[in-house]
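1. Would you be able to build a 3D model of this:
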Amino acid sequence: MKPAVRARWSRAVLVCGKCSRKLDGGFGPDGDQPLTKALRKRLGLKKGPKARAGIVETRCLGVCPKRAVTVIDGARPGEWLLVSPGADLDGLAQELGLSEQKTHTADAD
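-> Below you'll find the model as predicted:
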C-alpha cells in the first residue's frame, strides 16, 4: 500500500449522496442530473487525483434538508451550503472557489 498519493486538486467539495438520491436529479441543463455530476460537467472536471479540483459525493452528512443537497466546501468546513434543485451552477462554483477552474484547459492525464 502506498503511504500517500499526490493529487492535483486546488479545492475539495463534498456533496451529500443521500440528499442527491432523494432529489433524483434536479440539476444540469435539463434538470435531470445529480449535483455532483452536473457541477463536474459544467466546470469540465474529471474524477480522481488528476483533476484540477475534487467534487466528491459522500454518504449521508446528517443534515437532511427538504428539497436541497448539503454541500461542504473543504476550504470552509464550518459553513455548509444547502443547494436547491435548479440552482445557478456558475454562482455555486464561484461561491465554492471553483469558478477559476472553468477557464483552464481540459484535465491532463
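2. Distance check, the closest residue in space to Pro85 that isn't next to it in sequence against Gln94.
-> Leaving aside its sequence neighbours, Pro85 sits nearest to Gly26 (CB to CB, 6 or more residues apart in numbering; 2.9 Å). Every residue, glycine included, has its C-beta placed from N, CA and C. As judged by CB to CB, to the nearest Å, Gly26 and Gln94 stand 20 Å apart.
3. For this structure, which segments are assigned as strands?
-> Per DSSP state E, the chain carries strands over the ranges 12-16, 54-58, 69-73, 80-83.
4. Is it possible to get TSV of the ones you listed that adds distance to Gly44, mean pLDDT and mean neighbour count?
-> As requested, these are exported to TSV (distance: least, CB to CB, whole Å; pLDDT from 0 to 100; neighbours: other CB atoms under 10 Å):
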stretch	distance to Gly44	mean pLDDT	mean neighbour count
strand 12-16	15	98	22
strand 54-58	12	96	18
strand 69-73	19	98	23
strand 80-83	20	98	18
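5. Name the nearest residue to Leu45, sequence neighbours excluded.
-> Using CB to CB, 6+ apart, the nearest residue to Leu45 is Ala51, at 5.0 Å.
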